[in-house]
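Participant: 3D, please:
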Amino acid sequence: MVHDAEQTPQPPQGRVLLPALRLLAPGPDGARARGESVRLAAARVRATPGTHIWLLILAVTSVTAAGMSPHLRSYLLHSVSTNLVELHRHPIRVLVASALWIEPPSGFLFYAVLFELVHATAERWLGTARWLLVAAVAHIGATLVSQKAVFFGIRDDRLPGSLAHTVDIGVSYGLAGVVGVLAYRVPRPWRWGYLAVVLPFFAVPVLDDGSFTDLGHLSAVLIGLCCYGVTPPTPAAARTAGAAPPRSRPRRWTR
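Facilitator: This is a model prediction of the structure:
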């Protein structure tokens, strides 16, 4: 039997807005709602300490860079860049420092959103140590691949020599690497749809005569895909492993 739409009970209109209004309400109810929001935010930060420490450092360096004169900011960013000159002079220092600055500083809020969506998700899933390993390997590996391409381009007169001194900083290689490893967080068959979006997104700019940073991003996401070994087993795999009968130990013969 078909029921009239008018007979279907509808939720009260205020029910959707009530939690949001409680945050703004004065008095005990508003205070409790705000306290609960603070506790949830604190729990999220405790669950992903690496992501939020990194974000805090980026906030400090972005404010610092924004307060500098253009000449001083250019000098500073060149000194922490992973360009050919600085990689030759101070490889370890610039590989670390370049991941602690963004250009332009006004892009901090954009990267903060990406950190919450990408890094925080991966850190909760992988744990801090394994998440940081993936981000670091992708950042370093993609930097070396892209700068090697710059080296050959300058040597063969396909790129200007000024690229050896260019500003090359930022967190995007680490982000791209974590985007790659997150493919294993997506269950099949949705994983193939995820890859069908992610891989063209990074590959098309390279094929369309992209820059060395486009090559770096593609290299980073491929490095992330190669990090399957650090991912935890899926629930189905864990159940299968738990159901396997234990091996019997060989009998020991004693006198």
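
Participant: can we go C-alpha only for contacts and neighbour counts from here?
Facilitator: Noted.

Participant: in terms of secondary structure, what does the helix ranked longest in the chain contact?
Facilitator: Secondary structure assigned by DSSP state H gives helix 128-155 as the longest helix of the chain. For helix 128-155, the packing partners by 3 or more CA pairs under 8 Å, 6 or more residues apart in numbering; DSSP states H and E come out as helix 49-66, helix 120-126, helix 172-181, helix 212-225.

Participant: go again with 6 Å.
Facilitator: helix 172-181, helix 212-225 (3 or more CA pairs under 6 Å, 6 or more residues apart in numbering; DSSP states H and E).

Participant: please point out which parts of that helix sit buried.
Facilitator: For helix 128-155, a neighbour-count test (16 or more other CA atoms under 10 Å) marks 128, 130-132, 134-147, 149-151, 153-154 as buried.

Participant: quick one, that helix and helix 172-181 angle?
Facilitator: 120 degrees (axes from the mean of the first three to the mean of the last three CA atoms, to 10 degrees).

Participant: on that earlier part again, and residue 92, which of the helices and strands packed on helix 128-155 is closest to it?
Facilitator: Distance to residue 92, taken as CA to CA, is lowest for helix 172-181 among the helices and strands packed on helix 128-155, at 16.2 Å.

Participant: run through who's touching the closest one.
Facilitator: 135, 138-139, 217, 220-221, 224-225 (CA atoms under 6 Å, 6 or more residues apart in numbering).

Participant: and those residues, which two are furthest apart?
Facilitator: 139 and 225 (13.6 Å).

Participant: quick one on the thing from earlier: closest to residue 67 out of the contacts of helix 172-181?
Facilitator: Using CA to CA, the contacts of helix 172-181 come closest to residue 67 at residue 139, 27.0 Å.

Participant: give the contact list for the closest one.
Facilitator: 173-174.

Participant: okay, now the closest residue to residue 115 other than its chain neighbours: neighbour count?
Facilitator: In space, and not counting its chain neighbours, residue 115 is closest to residue 51: 6.8 Å by CA to CA, 6 or more residues apart in numbering. Around residue 51 there are 23 other residues, counting by other CA atoms under 10 Å.

Participant: tell me how far residue 51 lies from residue 58.
Facilitator: Using CA to CA, to the nearest Å, residue 51 is found at 11 Å from residue 58.

Participant: next: residue 195.
Facilitator: 29 Å.

Participant: swap in residue 192?
Facilitator: 33 Å.

Participant: these two: who's more crowded?
Facilitator: A count of neighbours by other CA under 10 Å puts residue 58 above the other of residue 192 and residue 58, at 22 against 13.

Participant: using PDB, write out every CA atom in stretch 120-129.
Facilitator: Coordinates of each C-alpha in stretch 120-129 appear next as PDB, following Å, rounded to 0.1, in the frame of the first residue of the first chain:
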ATOM      1  CA  ALA A 120      45.800  13.700  10.000                       C
ATOM      2  CA  THR A 121      43.800  10.900   8.400                       C
ATOM      3  CA  ALA A 122      47.000   9.000   7.500                       C
ATOM      4  CA  GLU A 123      48.600   9.600  10.900                       C
ATOM      5  CA  ARG A 124      45.600   8.100  12.800                       C
ATOM      6  CA  TRP A 125      45.700   5.100  10.400                       C
ATOM      7  CA  LEU A 126      49.400   4.400  10.200                       C
ATOM      8  CA  GLY A 127      50.600   5.800  13.500                       C
ATOM      9  CA  THR A 128      52.900   8.800  13.900                       C
ATOM     10  CA  ALA A 129      56.200   7.000  13.100                       C
END
